[in-house]
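**Q** After the sequence you'll find the predicted model.
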Amino acid sequence: MLDIKFLRENPDVVKENIKKKFQDDKLPLVDEVIELDAKARKAQQEADDLRASRKKISKEIGALMGQGKKEEAEAKKAEVAKNAERLEELSVQEKELQEKVKKIMMVIPNIIDPSVPVGKDDSENVELEKFGEPIVPDFEIPYHAEIMESFDGIDIDAAGRVAGNGFYYLMGDIARLHSAVISYARDFMIDRGFTYCIPPYMIRSNVVTGVMSFAEMDAMMYKIEGEDLYLIGTSEHSMIGKFIDTITEEKELPKTLTSYSPCFRKEKGAHGIEERGVYRIHQFEKQEMIVVCKPEESAGWFEKLWRNTVDLFRTLDIPVRTLECCSGDLADLKVKSIDVEAWSPRQQKYFEVGSCSNLSDAQARRLQIRIRKEDGSKYFAHTLNNTVVAPPRMLIAFLENNLQADGSVRVPEALRPYMGGKEVLVPSAKK
């Protein structure tokens, strides 16, 4: 959420930013919120004047009573009563106007970083860099669900009977591989100085609207019936929410946390939810990283975060590339975002396995996450987040890139301690 003062002083900048995000339908909101804000400030000023007047008149009443001028004192009392009625009207008016202002400000997009390429959608994202040599083996690579089935490692049919489309059972070596990747990612981030955390898997509505836009919430979140609780779509939500309504001493920054959680997503309007596989699903697990820092340090942390993901994938012998998300592909709270994509030898193309985002002070402003400097002054923190690994998609990349011609799967050295020392996974039919 933007600072209303910034919008008030820079309406043309805000409008140009809206155009860059191809959200022209929101352009009238800028003038509307400026008008509402002016009315709210006018009501506030009148209310402040009345309060000051009431204080002054109260002193006059005391003086008049002391002088025995009862009639004049009563007239002053009547004036105070009339002002009190007007003050009550102004209080209601001011509250209503401020609520309207906040509602509009919540849907006006954050100012994107100048380095962000302008484009309408993800088809116009820009490739930045490749890491590792993408290899296409001289043997056919099956669909990832077929690879898992060769290890008796997945049962989608049973999951469908139990929960419907978009769910799965993982078993045996594949389930162990899933857990191994999560454990390895946890330790990888701890070794890089991040504090490990297991957060709540449900959050209240004020946290939901603090960390994401209304459109994202509607498309992603599952609501608990009869409760002011939502299942998290990623642990970033509850991890950033951890700092809601807090004031942190500047000397304690940065806050660097890595968290594990299951994630739940409606995937509303998503294509492929009924595909036989684990690419797009309603439930998955993920290792996440978040940073709360000073504004001047957020750009540096942004670079460190996405590089953490690239480095982890490379230790598992998975080629990856980074994509700069264009303006039209950025969620409204984000100022800059880079996707990490893994190489798929079967499809001979890259696919998304993680996303790193800098949200500047947008989430902090919504959630009132403030930092106190040594001189006592306060400011809003900057928040960032990035995927370490989300095993369902990571498993696809892992299995395809480590599959051998005989159907076995090589276990990279970094992961072997988490797989009981196994160097190779052997299909069930060959055991």
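**A** It's in.

**Q** Please count neighbours and contacts with C-alpha atoms only from this point.
**A** Will do.

**Q** Using CSV, list the CA coordinates for the lowest-mean-pLDDT helix or strand in the chain.
**A** Here the helix or strand of the chain ranked lowest by mean pLDDT, DSSP states H and E is helix 214-220, holding a mean of 79. Taking Å, rounded to 0.1, in the frame of the first residue of the first chain, the C-alpha atoms of helix 214-220 are listed here in CSV:
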residue,chain,number,x,y,z
PHE,A,214,-7.7,-8.9,-2.7
ALA,A,215,-7.4,-10.5,-6.1
GLU,A,216,-4.7,-12.9,-5.0
MET,A,217,-6.6,-13.7,-1.8
ASP,A,218,-9.7,-14.7,-3.8
ALA,A,219,-7.7,-16.8,-6.2
MET,A,220,-5.6,-18.6,-3.6
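
**Q** just checking, next helix/strand downstream of it?
**A** Sequence order places strand 222-223 as the next helix or strand after helix 214-220, per DSSP states H and E.

**Q** just checking, what packs against that next one?
**A** For strand 222-223, the packing partners by 3 or more Cα pairs under 8 Å, 6 or more residues apart in numbering; DSSP states H and E come out as strand 230-231.

**Q** From what I see, E324 and V340 are in contact.
**A** No. Counting by Cα atoms under 8 Å, E324 stays clear of V340, with 9.2 Å between them.

**Q** Looking at the two, which one has more neighbours?
**A** Of the pair E324 and V340, V340 is the one with more neighbours under other Cα atoms under 10 Å, namely 26 against 23.

**Q** Tell me which other helices or strands the biggest helix by length in the chain touches.
**A** Longest helix of the chain, by residue count under DSSP state H: helix 27-66. In terms of contacts (3+ Cα pairs under 8 Å, 6+ apart), helix 27-66 is packed against helix 4-9, helix 11-20, helix 70-105.

**Q** Might you report the residue contacts of I338?
**A** Counting by Cα atoms under 8 Å, 6 or more residues apart in numbering, I338 touches W306, T322, L323, E324, C325, S355, C356, S357.

**Q** I'd assumed P262 was in a strand, is it?
**A** Yes. Assessed with DSSP: H, G, I helix; E, B strand; the rest coil, P262 lies in a strand.

**Q** didn't it look like it was pressed against E288?
**A** No. Counting by Cα under 8 Å, P262 does not reach E288; the two are 10.8 Å apart.

**Q** The residue in the chain sticking out farthest from the centre in helix, strand or coil?
**A** Centroid-distance maximum for the chain: G68 at 66.8 Å, with Cα atoms, centre = their mean. Look at G68: counting by three-state DSSP, its state is coil.

**Q** just the strands in the stretch 201-350 of the chain please.
**A** With DSSP state E, counting those that start in this stretch as the criterion, the stretch 201-350 of the chain has strands at 202-203, 222-223, 230-231, 246-249, 255-264, 283-293, 320-324, 336-344, 349-358.

**Q** Can I get those strands in JSON lines including mean pLDDT and distance to R176?
**A** Below are these laid out as JSON lines (pLDDT from 0 to 100; distance: least, Cα to Cα, whole Å):
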{"stretch": "strand 202-203", "mean pLDDT": "96", "distance to R176": "26"}
{"stretch": "strand 222-223", "mean pLDDT": "93", "distance to R176": "28"}
{"stretch": "strand 230-231", "mean pLDDT": "94", "distance to R176": "25"}
{"stretch": "strand 246-249", "mean pLDDT": "98", "distance to R176": "39"}
{"stretch": "strand 255-264", "mean pLDDT": "96", "distance to R176": "16"}
{"stretch": "strand 283-293", "mean pLDDT": "96", "distance to R176": "13"}
{"stretch": "strand 320-324", "mean pLDDT": "98", "distance to R176": "24"}
{"stretch": "strand 336-344", "mean pLDDT": "97", "distance to R176": "21"}
{"stretch": "strand 349-358", "mean pLDDT": "96", "distance to R176": "20"}
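
**Q** Kindly present the ones you listed as a markdown table, with separate columns for distance to G62.
**A** Listed next are the strands of the stretch 201-350 of the chain as a markdown table, based on distance: least, Cα to Cα, whole Å:
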| stretch | distance to G62 |
| --- | --- |
| strand 202-203 | 53 |
| strand 222-223 | 58 |
| strand 230-231 | 56 |
| strand 246-249 | 43 |
| strand 255-264 | 55 |
| strand 283-293 | 53 |
| strand 320-324 | 69 |
| strand 336-344 | 61 |
| strand 349-358 | 58 |
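
**Q** Many thanks, we can stop here.
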